[in-house]
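[1] Mind folding the following:
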Amino acid sequence: MKITYNLTLDDILNSSGGKLVIAGDTTSPIVFNEIFTDSRKEFSKYSIFIALKGKTFNGESFVDAVFKNGASCAVVSWSFLEDYDISDYPDKIIIAVDDTVDAYGKIARMYLGKFNIGKKIAITGSCGKTTTKDMVYKILAEKYGSTAVLKNLYNFNNLIGIPQTILELNINHEFLILEIGTNKKGEIKKLAEIISPDIGAIINIGKSHLLEFKNIEGVLEEKLALALALKGNPYLILNADDELLNKKYKMMPGINFLSFGLEKKKSADIACSNIEYEKDCVRLAIEFKGKSYSANVKFKGNHLISDFLCALLIGYLCGVDIDLSIKALENFVLPDGRMRVVNNASIEYVLINDTYNSNPDSLKAALSSMNTNYADKKKILVLGDMLELGDSSEVEHFNAGQEAAKIADYIFYKGDYFNNVKDGLLKAGFDTNKLFLFDDKDIFKEKFLELDKKGSVVLIKGSREMRLEEYFNLDI
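    All right, here's what the predicted structure looks like:
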């Protein structure tokens, strides 16, 4: 992609820690205005190709092609020098690094330092990151204009997506909002060090990626790495309803804290004193710094209200009054795949798309929201496995069955943990004649079409790899 500020060869070498193994010739550019990682994109000779390597991809396979198509510089790993004959590229610039993904992040960190960003915001948590980020974007864009605010798109929240977003900065940007995720120990630390945020937010600590983090305390430790990277006179925003976060934050000196919660008695800085669920909206009474505010929002579910409160605090720290932030979010539309009601006049039931991901906490929240908001409707669950739970997988799927049994009238299930879910349902007294296992679209459509769904609400939820949205021809 084109970048705002030109970078010199020394900029790249010094930031990445790389070594120049081929210096090109006198006709090669020494100033670059473009960095790209996708060999299929268009690029000029004033570009640098970062040959990213991962479990399922190897950008070094395309170095030859990008050089032949005119690129002048590539950043590669040291193993590239062993696997390829670099003498084929005497007029090119090749920089070798220990890890190209790590180098990409370091280059992005250097590039970010060239901008005078008013506030750099990093948001993490086991669920709700994207929703909160989009809410904050809506608040800041409403006051300062959309051209002043940059956020990462979709789920570009990892060691590749964050640098990619940073490289999109231009001189008009005053705010940078980044959700940061993790599925590997140390990832939050690396991402936070790239960003050096002024404002950090930890929305919640849940049972996510337990295959890597082992238990919820491991998740907490990973998320709290964000606090260590906060710079200057920073603020960390925490969920007062999360017991683990409440216990830990008092042990972190040198940081300003603000908290949000659904119960004022837990001493949250901003809290809902009253929540009223109505047919088409939710009415909220909010307290902050001794003042009361009323809000009327379209999204439903206590976990989404928590995201809303977190976004209000971030907006406040960025100079937006609470009442203005509330107004900006009155008609906020949830991101695809996150408790989003599908508008389709041709169906006679309410369809809720929550297929972006699933873990024990987000499933429990979705079921609670469904039960609260659609108490009078028949409830049909289309569920899939919750992945990356490690040794906890069987017990968590058993627990999921017990939770689902509390509200479900019918359940469709896809995944390897069907028997564990079934055992949980049986334990809770669920009629398993109303439970259907499916593993392809034809089987699902046959059973689903047979069911009388008039006047019902259907929730679709599973981990990303289950791709349940495809069974309903939905986008995410």
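[2] and the residue nearest to residue 126 when sequence neighbours are not counted, how far is that from residue 239?
    Spatially, and ignoring its direct neighbours in sequence, residue 126 is nearest to residue 206 (3.2 Å; Cβ to Cβ, 6 or more residues apart in numbering). All C-beta spots, glycine's among them, are computed from the backbone N, C-alpha and C. Applying Cβ to Cβ, to the nearest Å, the value for residue 206 to residue 239 is 11 Å.
[3] Also residue 281?
    For residue 281 relative to residue 239 (Cβ to Cβ), the value is 24 Å.
[4] higher neighbour count, these two?
    Comparing residue 281 with residue 239 by other Cβ atoms under 10 Å, the one with more neighbours is residue 239, at 26 against 15.
[5] quick revisit: where do the contact lists of residue 206 and residue 239 overlap?
    Common neighbours of residue 206 and residue 239, using Cβ atoms under 8 Å, 6 or more residues apart in numbering, are residue 125.
[6] Quick one: residues contacting residue 300.
    277, 282, 339, 369, 372-373.
[7] Am I right that it falls within a strand?
    No. The assignment for residue 300 (DSSP: H, G, I helix; E, B strand; the rest coil) gives coil, which keeps it out of a strand.
[8] okay, it: pLDDT?
    With respect to pLDDT, residue 300 has a value of 86.
[9] Please report phi then psi for the closest residue to it other than its chain neighbours.
    Leaving aside its sequence neighbours, residue 300 sits nearest to residue 373 (Cβ to Cβ, 6+ apart; 4.5 Å). Main-chain dihedrals, residue 373, degrees, to the nearest 10: phi -90, psi -20.
[10] So residue 373 is in contact with residue 299, correct?
    No. Between residue 373 and residue 299 there is no contact under Cβ atoms under 8 Å: 10.0 Å.
[11] Settle it for me: which of these two has more neighbours?
    Applying other Cβ under 10 Å to residue 373 and residue 299 shows that residue 299 carries more neighbours, namely 22 against 19.
[12] What is the neighbour count of residue 171?
    With other Cβ under 10 Å as criterion, residue 171 counts 10.
[13] Kindly report the same for residue 402.
    17.
[14] Use 264 as the first number from now on
    All right, first residue 264 from here; so that's residue 665.
[15] Checking it next. Helix, strand or coil?
    Residue 665 ends up helix, using three-state DSSP.
[16] residue ranges with poor pLDDT in this structure?
    289-292, 511-514, 527-529, 608-609, 739 (pLDDT under 70).
[17] sorry, back to before: so of the contacts of residue 563, which ones are in helices?
    Of these, the ones assigned to helices by DSSP state H are 632, 635-636.
[18] From those, pick the one nearest residue 338.
    Using Cβ to Cβ, residue 632 comes nearest to residue 338 of the ones in helices among the contacts of residue 563, at 45.6 Å.
[19] Residue 462: what's it in contact with?
    Residue 462 touches 382-385, 493, 497-500, 577, 580-581, counting by Cβ under 8 Å, 6+ apart.
[20] which of these lies closest to residue 473?
    Of the contacts of residue 462, the one sitting nearest to residue 473 (Cβ to Cβ) turns out to be residue 385, at 22.9 Å.
[21] Count the neighbours of the closest one for me.
    Counted with other Cβ under 10 Å, residue 385 comes out at 29.
[22] residues touching it, list them.
    Residue 385 neighbours (Cβ under 8 Å, 6+ apart): 441-443, 454-455, 458, 460, 462-464, 489, 492.
[23] Wait, residue 620 touches residue 728, no?
    No. Using Cβ under 8 Å, residue 620 is not in contact with residue 728, being 9.3 Å away.
[24] Looking at those two, which has the bigger crowd around it?
    Set side by side, residue 620 and residue 728 show more neighbours around residue 620, with 25 against 11, by other Cβ under 10 Å.
[25] quick check, residue 410 in a strand?
    No. Counting by three-state DSSP, one finds residue 410 to be helix, located in no strand.
[26] Can you tell me the closest non-neighbouring residue to it?
    residue 435 is the one closest to residue 410 (Cβ to Cβ, 6+ apart), at 4.9 Å.
[27] distance of that neighbour from residue 631?
    Taking Cβ to Cβ, one finds residue 435 at 41 Å from residue 631.
[28] Show me which of the two is the more surrounded one.
    residue 631 (16 against 12).
[29] ok, the more buried one - contacts?
    Contacts of residue 631 (Cβ under 8 Å, 6+ apart): 564-565.
[30] And for residue 594?
    Residue 594 touches residue 561, counting by Cβ under 8 Å, 6+ apart.
[31] does it count as helix, strand or coil?
    From three-state DSSP, the assignment for residue 594 is coil.
[32] about what we covered before: looking at this, the residue nearest to residue 410 is in a helix?
    No. Under three-state DSSP, residue 435 sits outside any helix and is assigned coil.
[33] That one contacts residue 409, correct?
    No. Counting by Cβ under 8 Å, residue 435 does not reach residue 409; the two are 10.0 Å apart.
[34] if we can go back for a sec, so which of the ones in helices among the contacts of residue 563 is the closest to residue 476?
    Set against residue 476, the nearest of the ones in helices among the contacts of residue 563 by Cβ to Cβ is residue 632 (25.7 Å).
[35] Could you report the neighbour count for the closest one?
    22.
[36] Residue 380 versus that one, what's the distance?
    Residue 632 is 35 Å from residue 380, by Cβ to Cβ.
[37] next one: residue 589
    25 Å.
[38] Compare these two and say which one has the larger neighbour count.
    The neighbour comparison of residue 589 against residue 380 (other Cβ under 10 Å) goes to residue 589, with 20 against 17.
[39] which residues does the closest residue to the more buried one other than its chain neighbours contact?
    Ranked by Cβ to Cβ, 6+ apart and with sequence neighbours excluded, the top spatial neighbour of residue 589 is residue 558, at 4.6 Å. By Cβ under 8 Å, 6+ apart, the residues touching residue 558 are 546-547, 549, 571, 589, 592-593.
[40] Now residue 558: phi and psi?
    phi -140, psi 150.
[41] Backbone dihedrals for residue 537, please?
    phi -160, psi 140.
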